[in-house]
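Enquirer: Give me a model of this one.
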Amino acid sequence: MKRLLFMLICIGCLGSGADCQTYNELRDSAAKVREKRDFATAFRLLTDGMRRTEHPYHNDLYDAAAYASLAGMSDSAFFYLDRLLREGEIDMVQYGAPSDEDFKPLFKDDRWRQLNRRADKARRDRQFRLIAAVAGCVRYADAMNAFFDSAVAALSAPGLTDIQFFRRLQRFNRFPGIDSQHRNGLLALPAKINDSTLSFCAVQLPGNYDPAVPHPLLLVLHGAVFMNTGFPDPIGIAQDGFFYTTGMNQFFSQVGYQDQAIVIYPHANREFNWMYPDDGFDMVPDLVRDVKKYFNIDDNRVYVSGHSNGATGVVSYLLKDPSLFAGFYGFNSNPRVRTGGTFIRNAINRSYFNVATDKDYYFPVSGHDSLMRIATGMGIDWQNHVYRGFPHWFPQFKESYPAFQLMFRDMAERVRNPFQHNLYWECDDVRHGRCDWISIDLLDTGAEKKEWQTRTNFTATHWIDNRDTAKVSDTVVSAFEFPRLSGAVRAHYADNRFDIETSRVKTITIYLSPDMVDLTRPVRVFVNGKEVFDKKVAYDRRFMLDNFRAEADRKAIWVNYIQLTP
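Expert: Predicted coordinates for the structure are as follows:
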């Protein structure tokens, strides 16, 4: 049982579909034979399977060593323990194996003491390398930030008119080059969580990344956030780079390379994540803002996807903070906001692409069908793609490839429009009060809500048993919860006029761009049918510059704003 402490999430293999299937079949057969205490045969089956893949699972290397130990094959046992140590699994060797009865036959062998001495040295060496790697990653990010700051500072010049300065921001195209060691592989970058917490993300660059050419950006959010107690380090990202081209992420990575996209894999844990609590929610938007200073990214082609808890995070960004993104893609999601109300109507500002399987315990496929009908009835672009016969971990199966093809085909056509003429936004927390050009700054939940602000919910049933997918429970569960009162706005603009309707909202802000209004003419604003603003609005160069430095967005440049308390 102690071996379970060191089991890794399955990540698939790099071989063909048939080879991967054979590897899994052989490892399963080995486990069954081991239960019969035929350790030599279990070892032979497992090692035969591992030879069929370039990167076997680390827990299989551990099991091979255990089977060999129990079979009296000490040379083979030490061979696989040594391999684990070489591949960085120090805890497995130094803490797991000594407390595992399967390795008791090796304890009196002199090679056991030698192995532990090498593990001690490896741990000390790793600490030194980790300190150097963290410092190196932070320095690398600091250097790219300094490059961006210098390039932005150079945009200002004497004699520029406001519109000329605006056009300069739009045409900004100075980004640092990437050294050759990072052109074909993963780049580890720091991701700041707060003033005292730092994580690292993996960045997959296209093989021929050109800093002069804008690239689409895809963020992939992982699942099982509540199982993680810490963050990865840059050494782990470098050692385990193949994790991102296999298993759960195999097709994100593969099709990402084909489509010349920059693919980023953030990391979350149970304290700081995209679901619950809200402490880590800003991690992903802040990461987008950071990497747009480092790499040439098409601001209107930024996408977010994920699996399981990651897909629930995708839904949360769709409904709580969509402004940076063009498209939202969830695999095996539980489509709800965990930190507040799930305001499905907010999705009308974007779209959602859902992939579900009928053997998934996380949320019933009938619930996904109900939600799609509700969403499309509201006029939301909501797709639901259901695959039959597959469990929760669908992306690990080669049969999931068609779903990824559909996703990337949709991404190719999905472009953000930050200046759309109609917006609806609802929130119960003004930390997440903004969508594109409208922001709810202060709620008035003591006021009576308007009839058009309605609550949407439904019940989900036919829940799959996680331990036996043939079993189904008829438990009835409300899909969403609404722990707080909310406020909402409906907003429209055309021909320099804004018409805003509010419900339980006290203060709003309208952000302006020359792509929306003619700043040589007065801007008129009507709130709840009453004219509250009618005057010209000038360019605010300081606001433009500060906003550009913070957002690094060349497609949505805000030149001024109007704040109103109707």
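Enquirer: At which residues are the helices of the stretch 1-150 of the chain located?
Expert: With DSSP state H, counting those that start in this stretch, the ranges of helices along the stretch 1-150 of the chain come out as 17-35, 39-50, 58-70, 74-86, 90-91, 110-153.
Enquirer: Just name the most buried of these.
Expert: helix 58-70 (a mean of 25; mean count of other CB atoms under 10 Å). For the C-beta atoms, the positions are set from N, CA and C on the backbone; glycine is no exception.
Enquirer: any idea of the angle that helix forms with helix 74-86?
Expert: Per axes from the mean of the first three to the mean of the last three CA atoms, to 10 degrees, the angle that helix 58-70 makes with helix 74-86 is 160 degrees.
Enquirer: For helix 58-70, name the packing helices and strands.
Expert: In terms of contacts (3 or more CB pairs under 8 Å, 6 or more residues apart in numbering; DSSP states H and E), helix 58-70 is packed against helix 17-35, helix 39-50, helix 74-86.
Enquirer: out of the helices of the stretch 1-150 of the chain, nearest to K192?
Expert: Of all these, helix 110-153 sits nearest to K192, with 9.1 Å by CB to CB.
Enquirer: Just name whatever secondary elements that closest one is in contact with.
Expert: Helix 110-153 packs on helix 74-86, helix 90-91, strand 186-194, strand 197-204, helix 234-239, helix 283-294, helix 541-551, going by 3+ CB pairs under 8 Å, 6+ apart.
Enquirer: after that helix comes which helix or strand?
Expert: Using DSSP states H and E, the helix or strand that follows helix 110-153 in sequence is helix 162-170.
Enquirer: What mean pLDDT does that next one get?
Expert: For helix 162-170, mean pLDDT is 95.
Enquirer: Give me the contact list for that helix.
Expert: Where contact means CB atoms under 8 Å, 6 or more residues apart in numbering, the residues beyond helix 162-170 that reach it are 155-156, 160, 514, 538-539, 541, 544, 548, 554-555, 557, 559.
Enquirer: What are the buried residues along that helix?
Expert: Neighbour counts over helix 162-170 (16 or more other CB atoms under 10 Å) mark F165, F166, R168, L169 as buried.
Enquirer: Dump the residues you listed into JSON lines; add distance to R44 as well.
Expert: Below are the buried residues of helix 162-170 laid out as JSON lines (distance: CB to CB, whole Å):
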{"residue": "F165", "distance to R44": "72"}
{"residue": "F166", "distance to R44": "70"}
{"residue": "R168", "distance to R44": "68"}
{"residue": "L169", "distance to R44": "65"}
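Enquirer: ok, those vs T520, which is closest?
Expert: Closest to T520, out of all of the buried residues of helix 162-170 and judged by CB to CB, is F166, at 13.5 Å.
Enquirer: list the contacts for the nearest residue to D120 once chain neighbours are set aside?
Expert: Nearest residue to D120, sequence neighbours excluded (CB to CB, 6 or more residues apart in numbering): Q94, at 7.5 Å. For Q94, the contacting residues are N116, A119, D120, R123, by CB under 8 Å, 6+ apart.
Enquirer: how about a cut-off of 10 Å?
Expert: Applying CB atoms under 10 Å, 6 or more residues apart in numbering to Q94 gives the contacts L85, L115, N116, R118, A119, D120, A122, R123.
Enquirer: Would you confirm that the first one contacts Q114?
Expert: So that's L85. No: if you go by CB atoms under 10 Å, L85 and Q114 don't touch, sitting 11.1 Å apart.
Enquirer: How is the chain partitioned into domains?
Expert: Following automatic domain parsing, one gets these domains for the chain: 2-124, 185-418, 459-564.
Enquirer: Ok, which of the ones you listed comes nearest I438?
Expert: It is, among the domains of the chain and with distance given as CB to CB, domain 459-564, at 4.9 Å.
Enquirer: so how far does that closest one reach from one end to the other?
Expert: Across domain 459-564, the terminal residues are separated by 39 Å (CA to CA, to the nearest Å).
Enquirer: How far off centre is it?
Expert: Distance of domain 459-564 from its chain centroid, counting by CA atoms, centre = their mean, to the nearest Å, is 22 Å.
Enquirer: Show the average pLDDT along that domain.
Expert: Averaged over domain 459-564, pLDDT sits at 95.
Enquirer: Give me the most central residue, this structure.
Expert: In the chain, the residue lying closest to the centroid (CA atoms, centre = their mean) is L221, at 2.5 Å.
Enquirer: Isn't that one up against G280?
Expert: No: using CB under 10 Å, L221 makes no contact with G280, being 11.1 Å away.
Enquirer: Now the common contact residues for those two.
Expert: P266, A268, N273, W274, G313.
Enquirer: Next up, the contacts around the nearest residue to the first one once chain neighbours are set aside.
Expert: Residue nearest to P266 in three dimensions, not counting chain neighbours: C201, with 4.7 Å by CB to CB, 6+ apart. Under the criterion of CB under 10 Å, 6+ apart, the contact list for C201 reads 186-191, 219-220, 231-232, 234, 237, 264-267, 283-284, 287, 290-291.
Enquirer: Now tell me what touches stretch 544-551 from outside.
Expert: Under CB under 10 Å, 6+ apart, the answer for stretch 544-551 is 148-149, 152-153, 155-156, 162, 165-166, 168-170, 172, 285, 288-289, 292-293, 299, 323-324, 511, 513, 540, 553-554, 556-561.
Enquirer: buried sites along it?
Expert: Buried, per 16+ other CB under 10 Å, within stretch 544-551: M544, L545, N547, F548, E551.
Enquirer: cool, and stretch 216-229?
Expert: By neighbour count with 16+ other CB under 10 Å, stretch 216-229 contains the buried residues P216, L217, L218, L219, V220, L221, H222, G223, V225, N228.
Enquirer: By mean pLDDT, flag the weakest helix or strand of this protein.
Expert: helix 234-239 (a mean of 69; mean pLDDT, DSSP states H and E).
Enquirer: re earlier: tell me which of the domains of the chain sits most buried.
Expert: Neighbour counts (mean count of other CB under 10 Å) averaged over each of the domains of the chain peak at domain 185-418, with a mean of 20.
Enquirer: Who are the contact partners of the residue nearest to S29 when sequence neighbours are not counted?
Expert: Nearest residue to S29 in three dimensions, chain neighbours excluded: L45, at 5.1 Å (CB to CB, 6+ apart). Taking CB under 10 Å, 6+ apart, we find L45 in contact with E25, L26, R27, D28, S29, A30, A31, K32, V33, R34, D38, Y67.
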